[in-house]
Each structure stands twice: as C-alpha cells, then as structure tokens.
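*Asks:* this one's structure only:
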C-alpha cells in the first residue's frame, strides 16, 4: 500500500512544532546570537558547529553538512523513513493524518516499537494484577520501591511460562517473525518459538522519545544470568542506550550535569527521592558512544560507584574515555557495603547529595586508585603508580589542560615537575604510554596534489572557478525569490528557470514559481513538503542559511539591496549564456574548417557569433 501525506498536513505539523523543542530532546543547545548551537549528533566534534535557526525552523551542521527541517532531523537521528518521521511528529503536534499509510508496514521499524509497547503494557499488567507476581512485588517492597515508581518506570513481570508472549502475537496483530526480530521471543529448532523472558522482574528500556526499545530482566530465582537484556535489534543498541534518559533528560539539560549510576534500581530510587537527573548504563561497560551521547545533553558527568574493589578496577578501565572525549567527570565512592539504592533508603537524599558534593575529580580518583594498586612504600611501586597516572594524562586532548595536569601530578606525587616532564618525554618517545594518536599527532595539512609542469591545468581551474560562481549566483537568486516574492516574476521573465545549470536548484526554483503562481505568496516552509529528495532539501537549507547570513551582514535598505543583487545575478546569467553560445559557435567553426564544410554554413555561424558579441558587450556596458 503506497503512502500519501498531503503537503498541507506536513506544513501544519511544521507550524505546530518548534524545531528548538524537537532537537533539544536530543542535544544541548546554547544561544549564539540569533541562532542556537550544539554538538552535532551525526558526527564526532569537540567544537559545536550544529546550528539551529528558530526563525527559519531549520538546522545545519557546518562540520558534516547535514541540514534540514524537523523531518530531516528525525529521519537521520532515529533512522526513520519520511512517513515514519511524519507520523511521530504528527503525534507530538496533535495533528491527525487520516491518509497516512506505509507500504508494507510490517517491514518497517514502527512495528518493533509497537511490539515493545504491547509487551511493556502486558508485563506491567501482570505485575499489578497477577498472583504469580507476588515474589516480584515482595522484592520491590523490600527495596522500598513504591507504586508511583512502578508506574513512572513502567515496571513489569514476565510470567513463568514459555508461551505468554507468543500467544499474544495474534491479539497484537504482529507476526511471530517480527516478535523474534524485536528480541521478545526465540526460535526453536523445530521452527516454533518460545519467550525470551520468563519469571523475571522486567525493566522496560525507554528511549528519549518515550518509546520502549528493549528490556532488562532480573531473575528472582536461581536462573542465570541474573540480569538479562534484550538482544541488539534495529531499535535497541546497548552501547548507545541509557536507562532513564526519557525521564531525566530535561533535568540533565537544565542542570548541565548528569548522575550516572550502575543499576536499574539505583536510578529508580534516585528519582523516587527527587534526584531526577540520574540515569544508568546497561551493564558495567561504558562506551565512547555513551559519553558522546551524554555530551549532547550536558557538560559534566558524576559517576556513582559501589565501594568494592572490583567495581573500581572495572571503572578504571573505562574512565579514560571521558578524558579522551574532553568531557568533565567526577566520581562518588560510597561507603563500604552500600550501593546507591541502599544508601538512599537508609541515609536519605540529603546525605546522598552530600556524598555527591564530595566527589573526587578524575585525577584525584586516578591517583587514589594507583596508590591502592601499587606499593607506595617502594621506589618501583611509586614509579609504577606515576606511570599508571601518566598513561591517562597523555590522552588529554587539550594541551593546556594536559600541561596543568602534569604540574598537578608532580605536586601530589611529591616529584620535581622538571623530572616528571623529562620522564614523560622519554617514555613518549618509546611509545610506552600508547598515546592517543588522534590527538597527539601534529596536525598535518592535506597533501597537495603535485602538478606536472607540462600539464595544461589552466582551463580546468578556470572551469572549477566558473562552476563555483554559477552555484553561488543560482543560490543567491533562490534566496531572493524566497525573501522577495515580488521579484519572482522578474527572474522568470528575464532568464527563466531553464538557465539554472544545477538540477536541484532548478527544481527548487520551479517549485517556488509554482507555489507563487497558485497562492501569490511563498515561504521556505511551503517549499519543503513539495521537494522529492533530502538532497534537494539540503540545497534549500544552504540557500536559506546563505540568505540569513547575507541579511545579517547588509546594513543598507534590504529591498534595494535585494533588487540590486538580483540585477547583478541576471546580468551574470545572461553573459554566461552568451559566452556558452560563443564557445559552441567556435567549436562548430573549427569543426567545419577541419572538414572543409560548406562556406555558407560557416558564414551563418560567424554572423550569429558576432551578434552574440554585440549582445554581450551591450550587457556589459549597461553595468
């Protein structure tokens, strides 16, 4: 079944939503002049180049080139098709789309979200109403997790049966194959299916858009493993997922910091105690993707660890990622025999926040670990501890921070700074510390192509320069057409849209003229719903951003400036057309001379050539 979404519905959704609100659910945006900027979610960067223009309701990353509207953002961010993105945003905007259909919906990822939503509701109902869930309720009661948290985190119970979910497939109108793809059931060798989760406390894992994407499940008997997560699916990736992010993101963005726990119940109890900027990774393995995801929301992470030695060693292996990503981090070490949930229950939120206030900064924690790891009473032990610390210092990408940290390590380890730097330099030469090559290599300019002196490159360079000029001029014309609708007719009558050399820009120009002809008015948001590809939409984004910068930089009267600029563009396009005609005439004359063609034909071409010359100079003299 094909889909059709009326352009007016797409425009209605755009008008109903603010692009700042949509994108802020995923990344931290800061105001810079008339725009907002943040770290691009589509490529790794340390300096924000992702720009949101609220006035135009568009975004563009000047690092990777990605740009578009709220629809383009959702498609890229969530790996959605266009109709899926429209459907999600329509729900946010409370806009009803009666004619929304997806071709073979069962093949899209939408059904995986639906399957997880159905399963979440089923498990939650089992926890609240089933007698089988008594043991699960006793466990939660023992941990003092209340009914409000049941509902807030949508906790559930998976029955101790092999076919609870498989039997629900018909009720949900979802095939067993798609339930398997969602990770809820597993295929038997005899081609049947059985439930993945049985007799477990269920923690739905919900993304930042409030959609269940997977599950964490805790065994309440002797079943192994004790904790079981959903497998990787098209909508669930452990290394890119944070538990509780849907509930915590607003507070994280507001506070510009995040409290990172190790377990589901730690997060639940923290929220229950009002510490609603708490989240957890899924398991103990912190990944680079996790850190980069956190950087979208805030500027600092505070990690809360159990006091056991194994936990400290595990965290020590992963914490260098924060340093490599230049992301501020501090560490809370709770007293012996406490995990965050227990501490909050026994000591209360105020005492817990006092522990947070006393958090170690990263290198104080690193020094503490190294001192515990090595025998500091011996020379070799102290030297090993220093090497251990320096192996992290060299990963600091900011050279100033690295220099200041070396100074600090020298002070805290009671060693002469000069000797420490000498030691560091010697071992770096030997590669002992395994420096981060991405940051420590001297930046090298890209190799310039070597030119053969005998090669005739002049024409190629001139061609490239002309091509860039054509692109600049055509984008400028489009920008003027959008900002000054009254000049659209002048473009059409003076040069026409066939004169556009770039097909995408020609398509946009034609759409502008089409809308203007019907309505007598056109804005950039009217054009997007009528464009066929994201490539063309990207070109329109460039036009709009170029136009915005141009408007900001022009101090004179905007109307007069636009008309003057359009006249220059029209003059350039006319001259280019004549030059192209003269070039073709020269090629024809040359071909006729070589083939000794008819003299009459050659004279005819020469006459046309001279007329074009007269026209060209006439246009030039009118400047």
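*Replies:* Now that the structure is in, tell me what you want to look at. Note that this is a predicted model, so its numbers are computed, not measured. Numbers count the residues shown, from 1 in each chain.
*Asks:* Just confirm residue 295 contacts residue 38, I think it does.
*Replies:* No. Assessed by CB atoms under 8 Å, residue 295 is found out of contact with residue 38, at 9.3 Å. C-beta: built from backbone N, CA, C; applies to glycine.
*Asks:* who touches both of the two?
*Replies:* Both residue 295 and residue 38 are contacted by residue 28, under the criterion CB atoms under 8 Å, 6 or more residues apart in numbering.
*Asks:* who's in contact with the helix or strand hosting residue 168?
*Replies:* Remark: residue 168 resides in helix 164-172, with elements defined by DSSP states H and E. Residues external to helix 164-172 that are found in contact with it (CB under 8 Å, 6+ apart): 114-115, 118-119, 122, 158, 175-176, 179, 184-185, 193-198.
*Asks:* Give me the buried subset of those.
*Replies:* Buried members of the contacts of helix 164-172, counted by 16 or more other CB atoms under 10 Å: 114-115, 118-119, 122, 158, 176, 179, 184-185, 193, 195-198.
*Asks:* Low-confidence bits of this protein, can you list those?
*Replies:* Applying pLDDT under 70 to the chain flags residues 1-4, 98-108, 284, 307-317, 430-467, 530-537, 546-560, 581-582, 584-623.
*Asks:* Domain map for it?
*Replies:* For the chain, the domain assignment from automatic domain parsing gives the residue ranges 7-103, 107-236, 242-368, 374-438, 462-623.
*Asks:* How many neighbouring residues does the closest residue to residue 202 other than its chain neighbours have?
*Replies:* Leaving aside its chain neighbours, residue 202 sits nearest to residue 156 (3.8 Å; criterion: CB to CB, 6 or more residues apart in numbering). Using other CB atoms under 10 Å, residue 156 has 26 other residues around it.
*Asks:* Verify the stated contact: residue 156 with residue 200.
*Replies:* No. Residue 156 sits out of contact with residue 200 when judged by CB under 8 Å, with a separation of 9.1 Å.
*Asks:* picking up where we left off before, and the contacts of helix 164-172, which of them are in helices?
*Replies:* 114-115, 118-119, 122, 176, 179 (DSSP state H).
*Asks:* Tabulate those (CSV), appending distance to residue 345.
*Replies:* Shown next, in CSV, are the ones in helices among the contacts of helix 164-172 (distance: CB to CB, whole Å):
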residue, distance to residue 345
114, 36
115, 35
118, 33
119, 29
122, 29
176, 42
179, 37
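*Asks:* tell me the two of these that are most distant?
*Replies:* Comparing every pair within these by CB to CB identifies 122 and 176 as the most remote, at 15.6 Å.
*Asks:* Got the phi and psi for the spatially closest residue to residue 62 that is not a sequence neighbour?
*Replies:* Nearest-residue entry for residue 62: residue 49, 4.5 Å, with adjacent residues in sequence omitted and distances by CB to CB, 6+ apart. The phi and psi values for residue 49, taken as degrees, to the nearest 10, are phi -130, psi 0.
*Asks:* Could you tell me how many residues sit around residue 49?
*Replies:* Residue 49, neighbours per other CB under 10 Å, totals 16.
*Asks:* I'd like the distance between it and residue 131.
*Replies:* 57 Å (CB to CB, to the nearest Å).
*Asks:* repeat for residue 256
*Replies:* According to CB to CB, residue 256 and residue 131 sit 46 Å apart.
*Asks:* go on, residue 150?
*Replies:* 17 Å.
*Asks:* same question, residue 370
*Replies:* Residue 370 is 54 Å from residue 131, by CB to CB.
*Asks:* Show me which of the two is the more surrounded one.
*Replies:* The neighbour count for residue 370 versus residue 131, taken as other CB under 10 Å, is higher for residue 370 (23 against 6).
*Asks:* Name the nearest residue to that one, ignoring sequence neighbours.
*Replies:* residue 385 (4.0 Å).
*Asks:* I'd assumed residue 374 was in contact with that neighbour.
*Replies:* Yes. The pair residue 385 and residue 374 qualifies as a contact (CB under 8 Å) at a distance of 4.3 Å.
*Asks:* So which of these two has more stuff around it?
*Replies:* residue 385 (21 against 18).
*Asks:* counting contacts, what elements does the host helix or strand of that one pack onto?
*Replies:* Element membership of residue 385, judged by DSSP H and E, is helix 379-393. Other helices and strands packing on helix 379-393, by 3 or more CB pairs under 8 Å, 6 or more residues apart in numbering; DSSP states H and E, are helix 362-373, helix 399-412, helix 417-430.
*Asks:* tell me the angle of the shortest one relative to helix 379-393?
*Replies:* Helix 362-373 and helix 379-393 meet at an angle of 150 degrees, taking axes from the mean of the first three to the mean of the last three CA atoms, to 10 degrees as the criterion.
*Asks:* who touches helix 362-373?
*Replies:* In contact with helix 362-373 (CB under 8 Å, 6+ apart) are residues 309, 312, 316, 319, 322-323, 328-331, 333, 360, 385-386, 388-389, 392-393, 405, 408-409, 412-413.
*Asks:* just how off-centre is that helix within its chain?
*Replies:* 34 Å (CA atoms, centre = their mean, to the nearest Å).
*Asks:* ok, now the last one?
*Replies:* Centroid separation for helix 417-430 versus its chain: 39 Å, with CA atoms, centre = their mean.
*Asks:* In that helix, which residues are buried?
*Replies:* 420, 423-424, 427.
*Asks:* Also the shortest one?
*Replies:* With burial defined by 16+ other CB under 10 Å, the residues of helix 362-373 counted as buried are 362-363, 365-367, 369-371, 373.
*Asks:* Next one: the closest residue to residue 109 other than its chain neighbours from residue 27, what distance?
*Replies:* Nearest non-adjacent residue to residue 109, counting by CB to CB, 6+ apart: residue 234, 5.1 Å away. For residue 234, the distance to residue 27 (CB to CB) stands at 22 Å.
*Asks:* Those two: which has the busier surroundings?
*Replies:* residue 27 (21 against 12).
*Asks:* Ramachandran angles for the more buried one?
*Replies:* phi -140, psi 160.
*Asks:* now the one 5 residues further on
*Replies:* Here the main-chain torsion angles of residue 32 (degrees, to the nearest 10) amount to phi -140, psi 100.
*Asks:* now it, which residues is it bridged with?
*Replies:* residue 35 (DSSP bridges).
*Asks:* Based on its surroundings, how many neighbours for it?
*Replies:* 12.
*Asks:* repeat for residue 93
*Replies:* That count, for residue 93 with other CB under 10 Å as the rule, works out to 16.
*Asks:* ok, it - contacts?
*Replies:* By CB under 8 Å, 6+ apart, the residues touching residue 93 are 12-13, 16-17.
*Asks:* so where do the strands sit in the stretch 251-400 of the chain?
*Replies:* 257-261, 278-281, 300-305, 328-333, 360-361 (DSSP state E, counting those that start in this stretch).
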